[in-house]
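Engineer: Structure here, sequence nowhere to be found:
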């Protein structure tokens, strides 16, 4: 796979807490499998970001439970439910008013990727609109591409997780030209799959 054009520059791991939640109330903490930040194995959730979230919450009087779902489900739960916190999430201007942000842990880049056999070269971001692109549902890249003129079902295909995204690129070579992936996540996947 080849990196083509950088799409998004900042990936933040955040945890937000609503000030109106009382200490006696149990917090629902939601996330997704996003190795190496959150690693879901059976009922256990580990990884760098999870360790940070636990360390912070263990210093409070909050009771909490961490659950992993597909990103879109966790994202919608965090928007809808006042006693729900979410991590790790990219900060954007559009999301800034939806959540109470508490911390930044890393910066990362996100890029277009394609199979080398497709021989795709993008001279500019706008070149991608002529191609079929797959993203994660409700991910920052999904929302970003919608603002740039991509249309779901026409040139934008929405999937539930990174495994599905990579599988679609590989198995549907004729219909999907590009996927958008966090560079660190892809690097981690390549390193751990060998």
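Structural biologist: Looks like it arrived, so ask away. Nothing here was measured: the structure is a model prediction, and the numbers come from that model.

Engineer: can we go C-alpha only for contacts and neighbour counts from here?
Structural biologist: Noted.

Engineer: Contact partners for the most centrally placed residue in the chain?
Structural biologist: Central residue of the chain (C-alpha atoms, centre = their mean): residue 139, 5.0 Å from the mean position. Taking C-alpha atoms under 8 Å, 6 or more residues apart in numbering, we find residue 139 in contact with 71-72.

Engineer: Following element in sequence after the helix or strand of the chain with the lowest mean pLDDT, please.
Structural biologist: Using mean pLDDT, DSSP states H and E, the weakest-scoring helix or strand in the chain turns out to be strand 2-8, at a mean of 39. Going down the chain from strand 2-8, the next helix or strand is strand 26-31, by DSSP states H and E.

Engineer: Which elements pack onto that following strand?
Structural biologist: Packing partners of strand 26-31 (3 or more C-alpha pairs under 8 Å, 6 or more residues apart in numbering; DSSP states H and E): strand 63-68, helix 71-80, strand 84-86.

Engineer: As JSON lines, those with mean neighbour count, mean pLDDT and distance to residue 155 would be great.
Structural biologist: Listed next are those as JSON lines, based on neighbours: other C-alpha atoms under 10 Å; pLDDT from 0 to 100; distance: least, C-alpha to C-alpha, whole Å:
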{"stretch": "strand 63-68", "mean neighbour count": "16", "mean pLDDT": "94", "distance to residue 155": "29"}
{"stretch": "helix 71-80", "mean neighbour count": "18", "mean pLDDT": "94", "distance to residue 155": "20"}
{"stretch": "strand 84-86", "mean neighbour count": "26", "mean pLDDT": "93", "distance to residue 155": "29"}
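
Engineer: any weak-confidence spans in this protein?
Structural biologist: 1-24, 169-170, 172-174, 194 (pLDDT under 70).

Engineer: 90 instead, please
Structural biologist: 1-26, 34-37, 43, 60-62, 82-83, 88-97, 99-109, 114-118, 160-176, 181-194 (pLDDT under 90).

Engineer: For residue 114, give its distance to residue 156.
Structural biologist: Distance, residue 114 to residue 156, by C-alpha to C-alpha, to the nearest Å: 14 Å.
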